[in-house]
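*Asks:* Compute the structure for the input listed below.
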Amino acid sequence: MHEMGIVRKIDNLSRIVFPIEVRNKLGIQIGDSLEIFVDDEKIVFKKYAPGCLFCDSISEIVQYKGKKICASCLEELRHT
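*Replies:* Have a look, this model is predicted:
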């Protein structure tokens, strides 16, 4: 895990602001959705990507090297 040495407090509405450095590094834009996971005592945020990395299709999604890709795009990649 990469530590950036940044500390943020939770405000009175239970919100936290993600520093611009973190958002830029992960390609998170205003309006993007994040998935929230709990791993033992850690809270993990991940940029939400429901569909294919290339075409945003949500049918026939497979995991390829940790990325979500539809069968059509995967087939296209195999032939390039």
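
*Asks:* Which segments of this structure make up each domain?
*Replies:* 1-48, 49-80 (automatic domain parsing).

*Asks:* Pipe these into a markdown table and attach mean neighbour count and mean pLDDT per row.
*Replies:* Where C-beta positions appear, they are placed from N, C-alpha and C, glycine not excepted. As requested, the domains of the chain are exported to a markdown table (neighbours: other Cβ atoms under 10 Å; pLDDT from 0 to 100):
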| stretch | mean neighbour count | mean pLDDT |
| --- | --- | --- |
| domain 1-48 | 9 | 89 |
| domain 49-80 | 12 | 88 |
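
*Asks:* Figure out the helix or strand that Gln29 lives in.
*Replies:* Take DSSP states H and E as the rule and Gln29 turns out to sit in neither a helix nor a strand.

*Asks:* Helix, strand or coil: sort out the nearest residue to it once chain neighbours are set aside for me.
*Replies:* Spatial nearest neighbour of Gln29, excluding adjacent residues (Cβ to Cβ, 6 or more residues apart in numbering): Arg23 at 7.5 Å. When classified by DSSP: H, G, I helix; E, B strand; the rest coil, Arg23 comes out as helix.
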